[in-house]
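K.L.:
3D, please:
(chains A and B)
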Amino acid sequence: MNIPYFDFIEDPEAALARVPRSQTEISVVCAKGGSSEFVADLLRESGIPARNVAGGMQAYGSFLEPVRVPNSHPEIWQINRRGKGCLSYVVRVGDEAMVVDPSRHIQTYVDFVKNLDAHITRILDTHVHADHVSGGPALASQLNAPYFATAGPGITMGQRVTPLKDGDSLSLGGHVDAMRVLATPGHTPGSMCYLIGGKYLLSGDTLFVNGIGRPDLGGEVEAWARTLFTTLTHRIAKLSNDVTVLPGHYSATSEIGPDGIVSVRLGDLKAKAPELRMSSEQEFVSTMVATAQHPPAAYSDIIRVNLGLAKTEEEQVTEWELGKNECAAARH
Amino acid sequence: MAMHKLDVRGAKCPMPIVKAKKQLDLLVAGDVLEVTATDPGSVKDFQGWAKINQSAELKEQRTEKDETGREVYVHILEKRA
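P.N.:
I've put the predicted structure just below:
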């Protein structure tokens, strides 16, 4: 529940009366942790068990939790940014690792890979993200390693990128063909999926555990929806049902499996997602148009930064990135 | 009808409003309190507080640079009867 901290300052009794009484400890959170500490103290003083989320949403937003994808060969780690529902990946063979869709908290990735006794040799983004600022260019610059990303045909990115195209194959740690590139435009014109070891599909925002990525973030929902339909029916449909999809986002903790990973077997996703079972392009496009929404205001700013067209500062980015992601296509 | 100033530069929320309220409680109707803060969050916070605050009205807000060149947020409150 949301009660502004100044309600507790102006009329503490009324504000306290709105807080439900229960045995469970209440976590109090605000943007940076100052007001929430004040309110948590007040709650405790009036007998309500409470604790402060130190550092607020700002700190929670930068918390990254690595979880190993069980039995994955090559070794894949899913890095869960719980405060936003963003997922990035570290793939490791021997002493080489590549990072996919890193957040801007690049030191976490550097330290994590170091603890695996490996070093980062490649950094990739599956697409130009709208919901978070990519740590790709910064990592590439710091480590002097190549950064692979594509904005789409004819779109030049401002930073130095090594382009990838459909069918490209990358080796890692002596494992040739560790990763294969699939061009899967739709969510964005340059969206890619990366197939690891023939079995794991890092799907970015093209596929999620319960559905697909929205094609309405570029203001051209009809055109992008058509492209997405082609991608789903011509590329995704042709992949083996036993491929494990590892997406770029999740929206609810229920999407985290008992193994601690957010993933879905492609065959299961095809069976449950109506968008993947539409055989008519018209039906698909109409559905996407009908469920199109306005993206959050900060998205266009973030996209500009990720295209290398703008620079920004920590304080500004933190504010842009506050809150959950809204990358999936809505369903009514 | 006196004019009072409250300097909460450097203070992070909730302190600007905590201190503004303390000061306001000492004033009489018609007095004006000018609060100067560096916390950018104070802009929306003072607006939100003014909506539920019975004892004062938010007359004006402005953003300017202080003598050290820092960006500051000024909130002018008038104590109600």
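
K.L.:
I'd like the average pLDDT over stretch A:269-282.
P.N.:
Regarding stretch A:269-282, the rounded mean pLDDT is 94.

K.L.:
what's the first-to-last distance across that stretch?
P.N.:
21 Å (C-alpha to C-alpha, to the nearest Å).

K.L.:
got it, and stretch B:32-51?
P.N.:
Terminal residues of stretch B:32-51 lie 17 Å apart, using C-alpha to C-alpha.

K.L.:
How far away from the center of its chain is that stretch?
P.N.:
5 Å (C-alpha atoms, centre = their mean, to the nearest Å).

K.L.:
Any residue of that stretch touching chain A?
P.N.:
Yes - Stretch B:32-51 lies within reach of chain A by C-beta under 8 Å from any C-beta of the partner chain, at B:40-41, B:45, B:48-49. Backbone N, C-alpha and C define where each C-beta goes, glycine included.

K.L.:
Can you give me the buried ones in that stretch?
P.N.:
Buried residues in stretch B:32-51, counting neighbours by 16 or more other C-beta atoms under 10 Å in any protein chain shown, are found at B:32-33, B:35-39, B:41-43, B:45-46, B:48-50.

K.L.:
Same question for stretch A:181-190.
P.N.:
Quick answer for stretch A:181-190 (16+ other C-beta under 10 Å): A:181-190.

K.L.:
Dump the residues of stretch B:32-51 next to chain A to TSV, plus secondary structure, distance to A:Val289 and pLDDT.
P.N.:
Shown next, in TSV, are those (DSSP: H, G, I helix; E, B strand; the rest coil; distance: C-beta to C-beta, whole Å; pLDDT from 0 to 100):
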residue	secondary structure	distance to A:Val289	pLDDT
B:Pro40	coil	38	87
B:Gly41	coil	38	88
B:Asp45	helix	39	93
B:Gly48	helix	37	93
B:Trp49	helix	42	94
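
K.L.:
can I assume A:Pro66 sits in a strand?
P.N.:
Yes - under DSSP: H, G, I helix; E, B strand; the rest coil, A:Pro66 falls within a strand.

K.L.:
which residues touch it?
P.N.:
Neighbour list for A:Pro66: A:77-80, A:90, A:112 [criterion: C-beta atoms under 8 Å, 6 or more residues apart in numbering or on different chains].

K.L.:
burial count for residue 1?
P.N.:
Just going to use chain A. When counting by other C-beta atoms under 10 Å in any protein chain shown, one arrives at 6 neighbours for A:Met1.

K.L.:
hm, I was asking about chain B
P.N.:
Counted with other C-beta under 10 Å, residues neighbouring B:Met1 total 10.

K.L.:
With adjacent residues omitted, what lies nearest to it?
P.N.:
Of all residues not flanking B:Met1 in the chain, B:Gly30 sits nearest, at 4.2 Å (C-beta to C-beta, 6 or more residues apart in numbering or on different chains).

K.L.:
thought that neighbour was touching B:Leu77?
P.N.:
No - counting by C-beta atoms under 8 Å, B:Gly30 does not reach B:Leu77; the two are 11.8 Å apart.

K.L.:
any low-confidence regions in chain A?
P.N.:
Within chain A, the segments meeting pLDDT under 70 span A:323, A:332.

K.L.:
Domains in it, by residue range?
P.N.:
The record's domain split for chain A, according to automatic domain parsing, is A:5-58, A:63-306.

K.L.:
nearest to B:Gly69, of those?
P.N.:
domain A:5-58 (23.6 Å; C-beta to C-beta).

K.L.:
So for stretch B:16-27, what gets flagged as buried?
P.N.:
Burial within stretch B:16-27, assessed by neighbour count using 16+ other C-beta under 10 Å, is assigned to B:16-21, B:23-24, B:27.

K.L.:
residues in chain B within reach of chain A, list them.
P.N.:
By the rule C-beta under 8 Å from any C-beta, the part of chain B lying against chain A is B:12-15, B:17-18, B:21, B:40-41, B:45, B:48-49, B:52-53.

K.L.:
from the residues you listed, which is closest to B:Lys65?
P.N.:
Nearest to B:Lys65, judged by C-beta to C-beta, of those is B:Pro40 at 13.8 Å.

K.L.:
just the strands in chain A please.
P.N.:
A:26-28, A:50-52, A:65-68, A:75-81, A:86-93, A:96-100, A:119-124, A:147-148, A:169-172, A:175-183, A:192-196, A:200-204, A:244-247, A:264-265 (DSSP state E).
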